[in-house]
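Peer 1: Can you look at this prediction? I've put the sequence above it.
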Amino acid sequence: MPYADLHVHTTRSDGSLELEAVPEAARRGGVEVVAITDHDRVQPFDGPVVECDGVTLLNGVELRVETDGGQRVDLLGYGLEPSADLEAILADIQANRIERGRAIVDRVESRLGIDLGVTIGGGFGRPHIARAIEAHPDVEYDYQGAFDHLIGSDCPCYVPRDVPPFERGRKALAESSRLVSLAHPLRYRDPEGALALAADLDAVERQYPYGRDVDCEPVERVIECYDLLTTGGSDAHDERLGVDGLSRQAYERLDLPT
């Protein structure tokens, strides 16, 4: 059972867990430290870390960026005190998220001849749309089917969103965070290319529930080559925390604020 789950989403982005409910969910999962890493949105914390009902909550963010080669990857920033540049980046992303969300919803509703009845606001993303599709009584698609057939990449209702270049995002996170890590490196279409970016970061997400057998040797090789720290978490989008994460010893190596 992990001591720290450093990859958790709430309703402030595309998770189903309310921020206020995180401590109770952490206790159920046996977790003592949780990093809230909502997509492109920081937390309303007073500082980089807070204690809440006996659980340590780290102010974090998951930021999608695009490399020079066109691959999009996710960076995790921990212990946030946002700089002006990071705040500007996130404001632009949130505005684009709303525009993109409306465009995808319009395409889905037009294609299926339905009204999804969704509210599009800050932190809105495709999981919100997939949940609405699954819940609609006149639609045959479940949550995963919505992604597979309607709103996933290369699907008929997909609309790409604007993201910052890797170097600008990395620099803004480095200015604002105590630690910047490459998220789930083996999920990308070009894992080797993604891992090469780690040379400019502090850490790589080593512990992650991929849901399939993966060869972690490339990750271990990069960690050793660049003398990187390791992070880990469940990437929780529901109330199940502690599915993956770090031991107490591994977490303490990160020297994050307490």
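Peer 2: Looks like it arrived, so ask away.

Peer 1: Against which helices or strands is the longest helix anywhere in the chain packed?
Peer 2: The longest helix of the chain (DSSP state H) is helix 84-112. For helix 84-112, the helices and strands in contact under the criterion 3 or more CB pairs under 8 Å, 6 or more residues apart in numbering; DSSP states H and E are strand 55-66, helix 126-135, helix 166-176. Backbone N, C-alpha and C define where each C-beta goes, glycine included.

Peer 1: how near is the residue of the chain positioned farthest from its centre to His136?
Peer 2: Residue farthest from the centre of the chain, counting by CA atoms, centre = their mean, is Gly113 at 31.5 Å. Between Gly113 and His136 the distance, using CB to CB, to the nearest Å, works out to 11 Å.

Peer 1: Same check on Leu57?
Peer 2: Leu57 sits 34 Å away from His136, taking CB to CB as the criterion.

Peer 1: what about the two, which has more around it?
Peer 2: Legend: neighbour count by other CB atoms under 10 Å for Leu57 and His136, higher for Leu57 (21 against 17).

Peer 1: Any idea what that one is bridged to?
Peer 2: Beta-bridge partners recorded for Leu57 (DSSP bridges): Val34, Val50.

Peer 1: Distance-wise, check it relative to Arg187.
Peer 2: Using CB to CB, Leu57 is found at 25 Å from Arg187.

Peer 1: ok so, going back, output the helices and strands packed on helix 84-112 in TSV, with distance to Arg248 and mean pLDDT appended to each entry.
Peer 2: Rendered in TSV, the data for the helices and strands packed on helix 84-112 read as follows (distance: least, CB to CB, whole Å; pLDDT from 0 to 100):
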stretch	distance to Arg248	mean pLDDT
strand 55-66	12	97
helix 126-135	31	94
helix 166-176	25	98
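
Peer 1: Go through those and pick out the most buried.
Peer 2: The densest packing among the helices and strands packed on helix 84-112, expressed as mean neighbour count by mean count of other CB atoms under 10 Å, is seen in strand 55-66 with a mean of 23.

Peer 1: re earlier: can you add distance to Tyr251 and give the helices and strands packed on helix 84-112 back as TSV?
Peer 2: Shown next, in TSV, are these (distance: least, CB to CB, whole Å):
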stretch	distance to Tyr251
strand 55-66	10
helix 126-135	28
helix 166-176	20
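
Peer 1: quick one: which of these is nearest Gly145?
Peer 2: helix 126-135 (7.9 Å; CB to CB).

Peer 1: Report the next helix or strand after that closest one in sequence order.
Peer 2: Next in sequence after helix 126-135, counting helices and strands by DSSP states H and E, comes helix 143-146.
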